[in-house]
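[1] the sequence and its predicted three-dimensional model are supplied below.
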Amino acid sequence: MKFVTKKLAMAAAALGILLAGAPVLGHHSFAPFDMSASMTIKGVVKEFQWNNPHVWIQVMVKGDSGPAVEWSVEATSPAGLNKKGWKPGSLKAGDTVVIEAHPLRDGRRGASLISATLPDGTVLKN
């Protein structure tokens, strides 16, 4: 009887550990982005957010008429970008940047980063 109880307790503990990790597996998908399309965004960096779980680039883009509008560009994690040559200071507020990205499917001003051309001409990928 003790053996069965111990086995059940171990199974319950293992299940608990697996379920505790479930939120990690619940990471969002890139379904909101049209991954079959790409676009170019050229503007001035408003903010470069080097944060987990994703890095964000806020870019002010001048329209054909009227004031500049803000675009939000999502990249991968800081660790992922770091492996590709990005640093926390790669972009600064006021920098002019050219971004290649996958647009949001719903037409809002947001995108998933493909690459960014920095002010010095360096191209960094996502």
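    Done, it's in. Residues are numbered from 1 along each chain as shown.
[2] which elements pack onto the longest strand anywhere in the chain?
    As far as residue count goes, and with DSSP state E defining each element, the longest strand of the chain is strand 39-49. The criterion is 3 or more Cβ pairs under 8 Å, 6 or more residues apart in numbering; DSSP states H and E, and the helices and strands that strand 39-49 contacts are strand 56-61, strand 69-74, strand 96-103. Heads up, the C-betas are built off the backbone N, CA and C, glycines and all.
[3] as TSV, those strands with mean neighbour count would be great.
    Converted to TSV, the helices and strands packed on strand 39-49 look like this (neighbours: other Cβ atoms under 10 Å):
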stretch	mean neighbour count
strand 56-61	20
strand 69-74	18
strand 96-103	20
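[4] could I get those as TSV with mean pLDDT and distance to W86?
    TSV is the format used below for the helices and strands packed on strand 39-49 (pLDDT from 0 to 100; distance: least, Cβ to Cβ, whole Å):
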stretch	mean pLDDT	distance to W86
strand 56-61	98	11
strand 69-74	97	13
strand 96-103	98	13
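[5] out of those, flag the one nearest D34.
    strand 96-103 (5.6 Å; Cβ to Cβ).
[6] about what we covered before: ok, which of the helices and strands packed on strand 39-49 comes nearest S36?
    The stretch from the helices and strands packed on strand 39-49 with the least distance to S36 (Cβ to Cβ) is strand 96-103; that distance is 8.1 Å.
[7] tell me what the closest one is packed against?
    Going by 3+ Cβ pairs under 8 Å, 6+ apart, strand 96-103 lies up against strand 39-49, strand 56-61, strand 110-117.
[8] dump the ones you listed to TSV, plus distance to G94.
    Listed next are the helices and strands packed on strand 96-103 as TSV, based on distance: least, Cβ to Cβ, whole Å:
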stretch	distance to G94
strand 39-49	6
strand 56-61	10
strand 110-117	15
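[9] looking at these, which is closest to T96?
    Proximity to T96, assessed across these by Cβ to Cβ, is greatest for strand 39-49 (5.7 Å).
[10] return the set of buried residues in that closest one.
    For strand 39-49, the buried set under the neighbour-count rule, 16 or more other Cβ atoms under 10 Å, comprises 41, 43, 45, 48.
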